[in-house]
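Q: missing the sequence, but the structure's below:
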């Protein structure tokens with residue numbers, strides 16, 4: 001984790017009184033989501049793309065925030081779900097998603113996962129050419145009517161810091177394999193075709209997404225001719241980032257959709273190709289800014305540097321320790337806002353990377369002060385684990401001026417329930 005000194009203010013996406021109300025009502029640590037803003041944000045993305053692509057749908061990446069209450073909110077505004085595992089398929093089924101409301105994008109996939117995806121009528125997005133025969137065998141000698149392939153463009157496209165260089169990524173088919181894959185799928189009876197690409201994560205550069213769209217549209221043009229097939233869907237992937245840092249700006253959905261539309265007109269419409277359903281699989285940008293991790297200071301320590309120990313730990317938010325990711329921290333109602341100190345804010349795991357920040361300039365913190373860790377609405381609670389026997393926290397939802405529990409905190413009975421004593 002890279003040291004970062006910062007005491008700038010950042011929008012909380014909650015009223016402070018709502019956070020205080022939750023703290024007075026529930027024990028910390030916990031995650032809380034602003035359901036009203038999640039819906040508003042999701043509708044903004046959908047409407048921006050529907051202006052140009054009336055059949056547009058965003059398939060929310062379930063892995064970002066796998067909570068049925070959140071998924072129901074997104075279903076209400078017309079989103080589908082992007083699943084990558086059997087558990088996510090089952091969760092989506094329980095919420096009421098079905099058929100082509102579900103995109104199944106997996107890798108290193110087990111037979112039972114393909115069977116479940118097929119049973120639900122999902123769009124199956126294959127990660128490798130070897131998966132064609134495996135899927136065919138898994139389904140007892142049949143294929144879905146619609147198949148999509150995940151394209152890894154390798155040296156044709158740069159990655160970013162999170163996913164890395166596409167050549168080094170384990171995901172997707174090479175350019176050379178794509179033509180073979182579509183021809184093989186056609187031989188096995190597939191009638192409808194899609195193409196997908198996802199080579200970046202948490203990206204804020206609009207030009208990056210336009211380049212990806214252009215790459216996909218050009219690839220569809222080439223494969224339409226070489227394979228003699230008609231594409232009906234293009235999945236531009238996800239990866240739209242959020243402004244974790246105070247000086248960063250959110251992606252403008254309207255400008256993004258316009259750029260994609262211009263590329264579509266040039267490379268699909270003007271070349272006389274068949275109309276495509278344009279879809280995305282954004283997760284982080286939908287819920288990320290509208291969730292926070294609320295924790296309390298329980299200890300301070302002065303050694304070679306100053307530490308604040310909180311009642312949350314890496315179990316509640318893995319990203320800073322795993323990626324060195326920046327999450328802004330707001331100290332609610334500090335005793336003296338003008339008095340500051342440089343801290344490492346840490347949890348209690350027996351790991352030295354269990355830190356929410358390093359060398360961060362913050363208002364002076366005292367025991368029982370409330371700290372709000374921003375932008376944990378995606379890949380926050382969902383990446384939790386039980387190392388050191390730590391229990392995963394509760395999740396709450398603020399919606400229509402009411403705060404409700406949407407996942408209770410784990411108990412030690414939960415933790416020990418799979419063990420034999």
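A: Now that the structure is in, tell me what you want to look at. A quick note: this is a predicted structure, and the numbers were derived from the prediction, not measured.

Q: so where is the chain shaky, pLDDT-wise?
A: Along the chain, the parts satisfying pLDDT under 70 run over 1-7, 155-170.

Q: where exactly do the helices run in it?
A: 16-25, 35-50, 68-76, 86-95, 111-119, 131-138, 175-187, 206-227, 253-264, 284-287, 319-323, 412-416 (DSSP state H).

Q: pick the most buried one from these.
A: helix 284-287 (a mean of 27; mean count of other Cβ atoms under 10 Å). (C-beta placed from N, C-alpha, C; glycine too.)

Q: how far away from the center of its chain is that helix?
A: Relative to its chain's centre, helix 284-287 lies at 6 Å (Cα atoms, centre = their mean, to the nearest Å).

Q: pull out the buried residues from stretch 139-150.
A: Residues of stretch 139-150 classed as buried by neighbour count (16 or more other Cβ atoms under 10 Å): 139, 143, 144, 146, 147, 148, 149, 150.

Q: OK, contacts around the nearest residue to residue 12 once chain neighbours are set aside?
A: Excluding the flanking residues, the one nearest residue 12 by Cβ to Cβ, 6 or more residues apart in numbering is residue 330, at 6.1 Å. Neighbour list for residue 330: 9, 10, 12, 371, 372, 374 [criterion: Cβ atoms under 8 Å, 6 or more residues apart in numbering].

Q: and residue 91, by the same measure?
A: With Cβ under 8 Å, 6+ apart, residue 91 has these contacts: 62, 66, 68, 71.

Q: nearest to residue 319, of those?
A: Each of the contacts of residue 91 was checked against residue 319 using Cβ to Cβ; the closest is residue 66, at 16.0 Å.

Q: how many neighbours does the residue lying closest to residue 367 once chain neighbours are set aside have?
A: Once flanking residues are discounted, residue 367 sits nearest to residue 297: 5.7 Å by Cβ to Cβ, 6+ apart. Using other Cβ atoms under 10 Å, residue 297 is surrounded by 19 other residues.

Q: is residue 297 in a bridge, and if so with what?
A: Counting by DSSP bridges, residue 297 is bridged to residue 310.

Q: ok, back up a step: any chance of CSV for the contacts of residue 91, columns distance to residue 188?
A: Listed next are the contacts of residue 91 as CSV, based on distance: Cβ to Cβ, whole Å:
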residue, distance to residue 188
62, 28
66, 32
68, 35
71, 32
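
Q: hang on, the earlier thing: how close does the residue nearest to residue 12 get to residue 16?
A: Distance, residue 330 to residue 16, using Cβ to Cβ, to the nearest Å: 9 Å.

Q: residue contacts, residue 316?
A: Contacts of residue 316 (Cβ under 8 Å, 6+ apart): 29, 31, 293, 295, 347, 380, 381, 384, 392, 393.

Q: out of these, which one sits closest to residue 111?
A: residue 384 (28.2 Å).
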